[in-house]
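[1] quick one, structure for this:
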Amino acid sequence: MDPLEYFESELEDHAAVLADTRGNLAESFGRMLRIWVTAIESGNKILFFGNGGSAADAQHLAAELVIRFIEDRKPIAAIALNTDTSALTAGANDLGFEQVFARQIEALGKPGDVAVGISTSGTSPNIVAALKMARTMGLVPTALTGRDGGLMPGLTDGALVIPAQSTRRIQEMHITLGHMLCGALEQSLKLV
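    Model prediction:
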């Protein structure tokens, strides 16, 4: 393998996915931002959850909102459901891994909160179950996904479906768009 060739090839692939994302997701981005703004202005919170790399993104984005992203401002209510190892392991052991996020939504979610399921395939059973629970409880279910969206767009009020097949490219766009949502939310709320 030629490292320079690989370097160039990966950046070209990233740039192509970025261009497709830019050309296809502006309206969906605006819809997602409106959902987030409405929830926070109404005193609600954002609940993120995902598996693997998507769990890392969920934790990352929740931290950006609770602590700060760009501006020093009041905290924004957000939590990553995949960070509580006791709840995850007890839920997986007692209820099955498919229910670990749905159970936390049931315990912590309130009508008007936003549930943000993150899955590159859109078919992760525990993410799908949590989005269904969110809908049942009156939360606003949303998603960050990829490929053809899997099951998630049909379960949500807003979905950012990255037009790519590669997990790594989808994850790159998830964190990029997640950062953009955090920045746009800060600007929209004008929190001091």
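
[2] average pLDDT for stretch 146-153?
    For stretch 146-153, mean pLDDT rounds to 97.

[3] stretch 176-184 too?
    97.

[4] what do you get for stretch 29-39?
    pLDDT averaged over stretch 29-39 gives 98.

[5] kindly report the same for stretch 112-123.
    Here the average pLDDT along stretch 112-123 is 98.

[6] distance between it and the chain's centre?
    5 Å (Cα atoms, centre = their mean, to the nearest Å).

[7] repeat that for stretch 146-161.
    11 Å.

[8] show the end-to-end separation of it, please.
    Taking Cα to Cα, to the nearest Å, stretch 146-161 runs 5 Å from one end to the other.

[9] counting neighbours, which bits of that stretch end up buried?
    146-147, 149-153, 155-161 (16 or more other Cβ atoms under 10 Å). In this view, the C-beta of every residue, glycine as well, is placed from N, C-alpha and C.

[10] would you check which pair of these lies furthest apart?
    147 and 157 (20.2 Å; Cβ to Cβ).

[11] ok so, going back, using JSON lines, lay out the buried residues of stretch 146-161 together with distance to residue 121.
    Output for the buried residues of stretch 146-161, formatted as JSON lines (distance: Cβ to Cβ, whole Å):
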{"residue": "146", "distance to residue 121": "7"}
{"residue": "147", "distance to residue 121": "6"}
{"residue": "149", "distance to residue 121": "9"}
{"residue": "150", "distance to residue 121": "5"}
{"residue": "151", "distance to residue 121": "9"}
{"residue": "152", "distance to residue 121": "9"}
{"residue": "153", "distance to residue 121": "12"}
{"residue": "155", "distance to residue 121": "14"}
{"residue": "156", "distance to residue 121": "15"}
{"residue": "157", "distance to residue 121": "20"}
{"residue": "158", "distance to residue 121": "18"}
{"residue": "159", "distance to residue 121": "13"}
{"residue": "160", "distance to residue 121": "14"}
{"residue": "161", "distance to residue 121": "11"}
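
[12] what's the closest of the residues you listed to residue 63?
    residue 160 (19.5 Å).

[13] partner strands of the helix or strand where the closest one lies and their direction?
    Here residue 160 sits within strand 158-162, counting by DSSP states H and E. Strand pairing for strand 158-162, using DSSP bridges, gives strand 140-146 (parallel).
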